[in-house]
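[1] could you look at this predicted model? Sequence included:
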Amino acid sequence: MKACIRETTATVTAVAAAVALAACGPGAGTRSGGESSPNIAVLLPDNTTARWETQDKPLLEKRIKELCADCSVEHVNAGGEVAVQQGQMDSMITKGVDAIVLVAVDARSLAATVTKAHQADIPVIAYDRLAQGPISGYVSYDGVEVGRLQGRALLQAMGDKVPGAQIVMMNGDPIDPNAVAFKEGALSVLRGKVRIGKAYDTVQWRPEAANMNMTAALSSLGPDAVDGVYAANDGLAAGSVSALKANKVAPLPPVTGQDAELGAVRRIVGGDQYMTVLKPFAPEASAGGAMAVAAARGHGLTEVATGEVRTGDGRTVPAVLLTPVSVTVDNIEETVVKDGVHTVQQICVPQLRAACERAGLT
Ligand code: BGC
């Protein structure tokens, strides 16, 4: 078996190696030494951000099935509630699943159940968010770089107004370690160049909270005093833009985002949002699915990983860290469309036809 892995990794990329790894591996149920087919649990964090149910879930399932036809996948969503996710972890441990793919609602609070899974010999793959506790592997995008891309784009969009421009920051939920990384990356670019008039952390990444916070910021700073909005993701961008519009702010200041949600891409074409960050879902799900299958079969993850990451407790675990891409109206075609995230037809609804033509989306 080992020889099979080594030959493979010498000639192909790490993620592709996982296919071969899975293909040349022994049959199902080997982690526990039994004969049953592997059962993989996928624990998603919330329903407020479109990506988890519309992109990650189907792509992870597809990838797992590709690599392991007899694997079964069980998916649950915590709806943004830490206690619900702890319960879901407990129930997957009781069921004796063979591996867990976890997008932690709260990285720190979940550490105890990650430890429980580890003690029950169930490997946990931290997907997109670096869960604390004895995880076996990690797959994500470079979150600090996401923040830098957002910060740089905002500076560029504000042009002459920098320095001296005033911005509002709509950060994510700080119990999500990615939110901390996005903010760190953005501040590393923005600090000293703009005035941060107001900054908010957004509980559960809720667009409605961003809407309320933006409304409060406008009444405190004045509707004409906001030169730019740093929104950590597209949901927060949507909430901010609707508050700006409700307060008749015109022209709209540039607003950042993340996730290349369909609504955000349409807002970018129509001029209501300046940018988003595309973190292509397929490669992330591909690596996450490959790690899950390898782990469920009791194989090591280093052959699937392209590097490693240091966890909170100082251990290093095999990891795949991918590179995010900045998207503005000028590169939608060669990013979002080329990547198969949304088609031109989906983006270009009748109201956007003229704007789509101007953007070269036909
Ligand atoms: C993810 C983002 C997502 C956010 C809210 C973050 O951990 O990296 O893509 O927008 O969570 O769900």
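    Now that the structure is in, tell me what you want to look at. Residues are numbered from 1 along each chain as shown.
[2] which single residue of the stretch 1-150 of the chain ends up nearest the ligand?
    Going by Cβ to the nearest ligand atom, the ligand is nearest to residue 49 of the stretch 1-150 of the chain, at 3.4 Å. C-beta coordinates here come from the backbone N, C-alpha and C atoms, glycine included.
[3] tally of neighbours for that residue?
    By the criterion of other Cβ atoms under 10 Å, residue 49 has 24 neighbours.
[4] just to check, it is in contact with residue 233?
    Yes: taking contacts as Cβ atoms under 8 Å, residue 49 lies within contact range of residue 233: 6.7 Å.
[5] common neighbours of these two, please.
    When contacts are counted by Cβ atoms under 8 Å, 6 or more residues apart in numbering, residue 49 and residue 233 are jointly contacted by 205, 259.
[6] quick check, pLDDT for the residue of the stretch 1-150 of the chain closest to the ligand.
    Listed pLDDT for residue 49 reads 95.
[7] leaving out sequence neighbours, find the closest residue to it.
    Nearest residue to residue 49, sequence neighbours excluded (Cβ to Cβ, 6 or more residues apart in numbering): residue 235, at 5.5 Å.
[8] now do the contacts for that neighbour.
    48-50, 205-207, 210, 259, 261.
[9] which of the residues you listed sits closest to residue 162?
    Nearest to residue 162 among the contacts of residue 235: residue 210, at 23.1 Å, using Cβ to Cβ.
[10] now the element after the helix or strand the closest one falls within, going C-ward?
    According to DSSP states H and E, residue 210 maps onto helix 207-221. For helix 207-221, the succeeding helix or strand toward the C-terminus, using DSSP H and E, is strand 228-231.
[11] got the buried residues for that following strand?
    228-231 (16 or more other Cβ atoms under 10 Å).
[12] just the CA atoms of that strand, as PDB, please.
    Once non-C-alpha atoms are left out, strand 228-231 reads as follows in PDB (Å, rounded to 0.1, in the frame of the first residue of the first chain):
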ATOM      1  CA  GLY A 228     -15.900  53.200   1.600                       C
ATOM      2  CA  VAL A 229     -17.300  50.000   3.300                       C
ATOM      3  CA  TYR A 230     -15.200  47.100   4.200                       C
ATOM      4  CA  ALA A 231     -17.600  44.200   4.300                       C
END
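[13] what helices or strands is it leaning on?
    For strand 228-231, the elements it packs on are helix 143-158, strand 166-171, helix 234-246, judged by 3 or more Cβ pairs under 8 Å, 6 or more residues apart in numbering; DSSP states H and E.
[14] deepest-packed of the ones you listed, please.
    Here the criterion is mean neighbour count by mean count of other Cβ atoms under 10 Å, and of the helices and strands packed on strand 228-231 the winner is strand 166-171, at a mean of 26.
[15] what pLDDT is listed against the residue nearest the centre of the chain?
    Nearest to the geometric centre of the chain sits residue 128, at 5.3 Å (Cα atoms, centre = their mean). At residue 128, the model reports a pLDDT of 98.
[16] contacting residues around the closest residue to the ligand within the stretch 51-200 of the chain?
    Among the residues of the stretch 51-200 of the chain, residue 178 lies closest to the ligand, at 3.6 Å counting by Cβ to the nearest ligand atom. Residues in contact with residue 178 (Cβ under 8 Å, 6+ apart) are 128-130, 140, 143, 146, 172.
[17] state the distance from the residue nearest to residue 89 when sequence neighbours are not counted to residue 279.
    Nearest residue to residue 89, sequence neighbours excluded (Cβ to Cβ, 6+ apart): residue 113, at 3.8 Å. Separation of residue 113 from residue 279 (Cβ to Cβ, to the nearest Å): 26 Å.
[18] equivalent analysis for residue 301, please.
    Taking Cβ to Cβ, one finds residue 301 at 21 Å from residue 279.
[19] how about the helix or strand hosting residue 346: buried residues?
    Using DSSP H and E, residue 346 maps to helix 344-347. For helix 344-347, the buried set under the neighbour-count rule, 16+ other Cβ under 10 Å, comprises residue 347.
[20] what's the offset of that helix from the middle of its chain?
    What separates the centre of helix 344-347 from the centre of its chain is 22 Å, taken as Cα atoms, centre = their mean, to the nearest Å.
[21] from residue 88, how far off is the residue nearest to residue 89?
    When distance is defined by Cβ to Cβ, residue 113 is 9 Å away from residue 88.
[22] same question for residue 78.
    Applying Cβ to Cβ to residue 78 and residue 88 gives a distance of 6 Å.
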